[in-house]
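Trainee: Here is my input, please return the structure:
(chains A and B)
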Amino acid sequence: MKGKFPWKDMLVLGGALAAAIAGVAAIQAVSGRIDGVASMVFVLAAFFVSMYTEGYLWGVAASVIGMLAVNFAFRSPYFAFNFTLPENLFSGAVMLVVSIMTSTLTTRVKKQEQLRMESETEKMRANLLRAVSHDLRTPLTSIYGACSTVIENYDSLGREQKLKLLGEVCEDAQWLNRMVENLLSVTRIDSEKVSVKKTPTVLEELIDAVLVKFKKTHPGVNINVELPDDFIVIPMDSMLIRQVLTNLLENAVLHAEGMTKLTLRVFTLGDRAVFEVADNGCGIPKERLRTLFTGTLPSESGADSGKHGMGIGLSVCAAIIKAHGGEIKAESKPGEGTTIRFWLETEEIETEETEDEQ
Amino acid sequence: MSNNKFKVLVVEDEANICSFIETLLETNGYQALVAHTCSMGLTLFASHNPDLVILDLGLPDRDGLELIRTVRQKYMTPIVVLSARTTEQDKIEALDLGANDYVTKPFGTGELMARVRAALRVNRYSTAGSLPTGTFTAQDLEINYERRKVFVAGQEIKLTQTEYNIVAFLSEHAGRVMTYAAIVRAIWGDTDCGSTKKLQVNMANIRKKLGSRPGSNNYILNELGVGYRMIDEDGDSKPLDLAAEEH
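Mentor: Numbers count the residues shown, from 1 in each chain, chains lettered A, B, ... in the order given. All right, here's what the predicted structure looks like:
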């Protein structure tokens, strides 16, 4: 915005003044007399200019030019400046005051709008921060506790007990790591303006990378995978999209109670690739579904049943998909399961020589 | 095991990370040397001539990449890079400078040891030089270099020339990430930007022919945005707390 020449404001100024001059000239041509109407028309023009431009400058310029124009062209003595007539000076002053007041008002309104936007993002950030620090403290507490227990009671604890405690430390550390990865993802797409850096990624390889990593952390979980047979390339920040898919799969494992089937399906719909993670677990209550992607936890249910909250994971997903220009949606029927679906645009495949030379 | 243990130089500035890597290496039968700065790392490298370097890129005095550059001027000592979660570009840069492998922080101990073993083994092969001979086996995959044939579970797989070349090239560097650019250079000898796509298409066909499904049955692992890695002969997927040296 800054540093760029304000063409738009310039255009508004020129346009409004030209329209005013044309209007006044037309009225003059029709009715012959103009004195009273001219300054009114220019006041109107100055009003418009100050409303649709940034800052005071343009509005004031419009009123000064308007005043001079009226004085010069549309007032006796015609086509000569005359600053001695009090009515000319008076109408000029009125125009100046009108435009300054309008500029002040519009500037104030714009500022307020901006403030409101800022406070909204600030609120979102605060929400996220609160959710995060709550979620971070839980595993940290248990890591700290387990480690100091082992250190302080090294000789009195049995081997089994020590292994169990240390195993929990490992688990919590891994969980913390996932959390930090999510946070890093958020910083990678932080400001709305900066869109993600996309590189063409082969769908099959993406899914493979996600599944290989997922199987390492959740060896017991079986995932049904349905992929199209074609060679599909999607421009994306692959690290972020992996994060999305991992979050969705992990959420299903952690939160869909009673789940027996977890499906990851990808299909193409026109130039879109649709990703779907579906479980047949306990589903999500309707009132929760609405705020699923916003990162706000329903206040009372805060620390849900000792499990790590899922708020941040999904809001990160939503932010990532949005930054890619896609859309994410959740469908859920309590008792029947949840399906979360998002789409990304695929790359045009120029049917090139995929065949071998030999 | 034997008395002449492999010497591993660890260059890492975080004392706690050093301490656990050191313990890990020593319990696995390696001799560990620790340096906390880049210059100290270079000094130790010159005086001890280690068999392998584990290198953190974020060092207090200089960028770890410089150590790779300096070492590679004279030595082919394998280097395994420890990287914080950064962009693919950093990994590619380190690999292209001559690092043999990278492990992303935080890493499991098993993962690190697997990479260390793979890097040491790769080095032994490459000193032999020339064309690979004999056979390569990893899980069900078998490559016969003399007959230029590939088998999965005893069944011959019909690959095109290019596909075979890719598979053979990756197997020669099994256990190690090869960047897209490195593979393209080895197979086609050029690196215009369209060739990564060409490689990916060939790769998709290879996977299909080898019977790989996403997430399972993988002989060639994806390092998204970086390159490919053929599984190692003793298998990357093996649980590694049983990690005894076995060759």
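Trainee: Helix or strand, whichever it is, which one in chain B has the lowest mean pLDDT?
Mentor: Across the helices and strands of chain B, mean confidence by mean pLDDT, DSSP states H and E is lowest for helix B:109-128: a mean of 75.
Trainee: need the residues of the stretch 201-350 of chain A near chain B, please.
Mentor: By Cβ under 8 Å from any Cβ of the partner chain, the residues of the stretch 201-350 of chain A that approach chain B are A:201-202, A:204-212, A:214-215, A:223, A:225, A:227, A:231, A:233, A:238-239, A:242. To be clear about C-beta, it is placed using only N, CA and C from the backbone, and glycine gets the same treatment.
Trainee: ok, now with 6 Å
Mentor: A:202, A:204, A:205, A:207, A:208, A:209, A:211, A:212, A:225, A:231, A:238 (Cβ under 6 Å from any Cβ of the partner chain).
Trainee: Narrow the residues you listed to those in helices?
Mentor: Cross-referencing these against helices under DSSP state H gives A:204, A:205, A:207, A:208, A:209, A:211, A:212, A:238.
Trainee: Kindly indicate which of those lies nearest residue B:57.
Mentor: Out of these, the one with the shortest distance to residue B:57 is residue A:238. That distance is 21.0 Å, counting by Cβ to Cβ.
Trainee: So what's the residue count around whichever residue of chain B sits closest to chain A?
Mentor: Across chain B, the shortest distance to chain A (Cβ to the nearest Cβ) belongs to residue B:215, at 2.6 Å. The criterion is other Cβ atoms under 10 Å in any protein chain shown. On that basis, residue B:215 has 18 neighbouring residues.
Trainee: List the residues that contact the nearest residue to residue A:139 once chain neighbours are set aside.
Mentor: With Cβ to Cβ, 6 or more residues apart in numbering or on different chains as the measure, residue A:172 is the residue that lies nearest to residue A:139, at 3.7 Å, once sequence neighbours are left out. Remark: with contacts taken as Cβ atoms under 6 Å, 6 or more residues apart in numbering or on different chains, residue A:172 is in contact with A:139, A:142, A:143.
Trainee: Can you verify residue A:339 is assigned to a strand?
Mentor: Yes. For residue A:339, which was evaluated using DSSP: H, G, I helix; E, B strand; the rest coil, the result is membership in a strand.
Trainee: Distance check, the residue nearest to it when sequence neighbours are not counted against residue A:209.
Mentor: What sits nearest to residue A:339 in space, not counting adjacent residues and going by Cβ to Cβ, 6+ apart, is residue A:278, at 4.2 Å. Counting by Cβ to Cβ, to the nearest Å, the separation of residue A:278 from residue A:209 is 21 Å.
Trainee: cool, residue A:43 as well?
Mentor: The span separating residue A:43 from residue A:209 equals 66 Å under the rule Cβ to Cβ.
Trainee: Residue of chain A nearest chain B, please.
Mentor: residue A:211 (2.6 Å).
Trainee: burial of that residue, as a residue count?
Mentor: Using other Cβ under 10 Å, residue A:211 is surrounded by 21 other residues.
Trainee: for residue B:82, phi and psi?
Mentor: Dihedral pair for residue B:82: phi -100, psi 120, per degrees, to the nearest 10.
Trainee: what ranges of the chain fall below the confidence cut-off?
Mentor: No chain in the question, so chain A it is. A:1-4, A:33-36, A:75-77, A:189-195, A:295-311, A:348-358 (pLDDT under 70).
Trainee: My question was about chain B, not that one.
Mentor: Residues of chain B that meet the criterion pLDDT under 70 lie in B:1-3, B:85-86, B:122-133, B:191-194, B:217, B:233-247.
Trainee: Around chain A, pick out the residues from it.
Mentor: When proximity is defined by Cβ under 6 Å from any Cβ, chain B lies next to chain A at B:106, B:160, B:161, B:162, B:200, B:201, B:204, B:214, B:215, B:222, B:224, B:225.
Trainee: could you dump those residues to CSV with secondary structure?
Mentor: Output for those, formatted as CSV (three-state DSSP):
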residue, secondary structure
B:106, coil
B:160, coil
B:161, helix
B:162, helix
B:200, helix
B:201, helix
B:204, helix
B:214, coil
B:215, coil
B:222, strand
B:224, coil
B:225, coil
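Trainee: Residue A:278 and residue A:209: who's more crowded?
Mentor: Neighbours per residue, other Cβ under 10 Å: of residue A:278 and residue A:209, the larger number sits with residue A:209, 24 against 21.
Trainee: Adjacent strands (with direction) for the helix or strand where residue A:235 lies?
Mentor: Here residue A:235 sits within strand A:233-236, counting by DSSP states H and E. Paired with strand A:233-236 in the same sheet, following DSSP bridges, are strand A:199-202 (antiparallel).
Trainee: and the strand it pairs with, which residues are buried?
Mentor: A:201, A:202 (16 or more other Cβ atoms under 10 Å in any protein chain shown).
Trainee: just stretch A:270-290 next, same as before
Mentor: By neighbour count, and taking 16+ other Cβ under 10 Å as the criterion, the buried residues in stretch A:270-290 are A:272-284, A:288.
Trainee: Give me the distance between the two termini of it.
Mentor: One end of stretch A:270-290 to the other measures 28 Å (Cα to Cα, to the nearest Å).
Trainee: so how far is the helix or strand harbouring residue A:172 from its chain's centroid?
Mentor: Using DSSP H and E, residue A:172 maps to helix A:159-188. Between the centre of helix A:159-188 and the centre of its host chain there is 29 Å, according to Cα atoms, centre = their mean, to the nearest Å.
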